[in-house]
Structure formats: C-alpha cells, structure tokens
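Student: structure, please.
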Amino acid sequence: MASTGNNVLTQGIPELADAFVVLVKTEWNAHLVDRLEQGCIRVLQAAGVSYKTIVVPGAVELTFAVKRYDQVAAKKADAFITLGTVIQGGTPHFEYVCQMVSDGVTALNLQLPVPVIFGVLTLNNEQEAIERTGGIHGHKGEEAAITALKMIAMNRAL
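Tutor: The predicted model follows:
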C-alpha cells in the first residue's frame, strides 16, 4: 500500500461506516488521476465509508469545488480529498499551479471544520505518476484515503 518510508501509515486504519468523504478530482491527466481515485475508493470501501466524486477541469479549480460543496451541499462531508497531477513543463506555469493548489488546500484546512487531504501529485514526468499509483513508490491515492480516515477519527475525538 504505502511506500517503504510510509508503512506506518497503514497501521491502525479506522473503520468509519458512518463517514462520508468527498473526492474532488481533475479531468486534466484523467488517465493518471483516475488511478488515484481508484486507490482512494478501494480504501474507503474496505473501511465501509461512503463517498462522492466531483470532477473539475484542472488542479487550480480543486479548492473552489471543495469550498463550494461545503457551503451548499445538504450532505456534509467528514473529509475532502483533492486528487490531481501537475506535471512539469517547459514554462514556470508548473510552479504557479503547484503553489496555488498547495496554498489553497492549506487555507481550506484552516477554514473548514473538516480535513482537506492533499492528494495532488506534483511531478517531473508521467512515469513518476505511474510509480506513485501502484508502482515502486506505493499508491498515493490509497495513502490519501488512509490519511482522510485517520483525520476523520482524530477530528471526531477532539
């Protein structure tokens, strides 16, 4: 599941049958992001957690969708997981997008009463995404879901 350095993450995964998680994923690089989503879903289903997926065009739009869902949805989320891939190109655009998304997720974690998990891969190339979605570096989608479950349990314990 997790890469060698993170195998402690897989210990003590709570089962939260009454929890509800919203996955917010990008359609940009869908062939890679779908793999992240599949990993999340496997972990959430194994823990008996219900979930919903929302799709946005790109990584910058992830945080808007999280905030808006929290504002208007009748069914409140116990956690959000943002999923996307930002791959280095030949311009500074990569740095701007990565900064905007990480700042946005941080801001949401300070504003919302539930955790927002950063499941966005920032990569040099597509091969690195493959290595992190079931390859030699584990499965970052699974890790994001495990993190969400642990943060839900922590939030409820406070």
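Student: got any ranges where this structure has weak pLDDT?
Tutor: Low-confidence regions of the chain, defined here as pLDDT under 70, cover residues 1-8.
Student: again, 80 this time
Tutor: Judged by pLDDT under 80, the chain has its weakly predicted residues at 1-10.
Student: which residues in it form strands?
Tutor: Using DSSP state E, the strands found in the chain span residues 20-26, 50-56, 79-87, 116-123, 133-135, 138-139.
Student: would you list these in TSV and tack on distance to Ser102?
Tutor: C-beta here means a position set from N, CA and C on the backbone, and glycine is covered the same way. Putting the strands of the chain into TSV (distance: least, CB to CB, whole Å) gives the following:
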stretch	distance to Ser102
strand 20-26	15
strand 50-56	16
strand 79-87	10
strand 116-123	7
strand 133-135	20
strand 138-139	20
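Student: wait, which of these is closest to Arg35?
Tutor: The minimum distance between Arg35 and the strands of the chain falls on strand 133-135, with 3.8 Å, by CB to CB.
Student: tell me which other helices or strands that closest one touches.
Tutor: Packing partners of strand 133-135 (3 or more CB pairs under 8 Å, 6 or more residues apart in numbering; DSSP states H and E): helix 30-46.
Student: chain center to the helix it packs on, what's the gap?
Tutor: 9 Å (CA atoms, centre = their mean, to the nearest Å).
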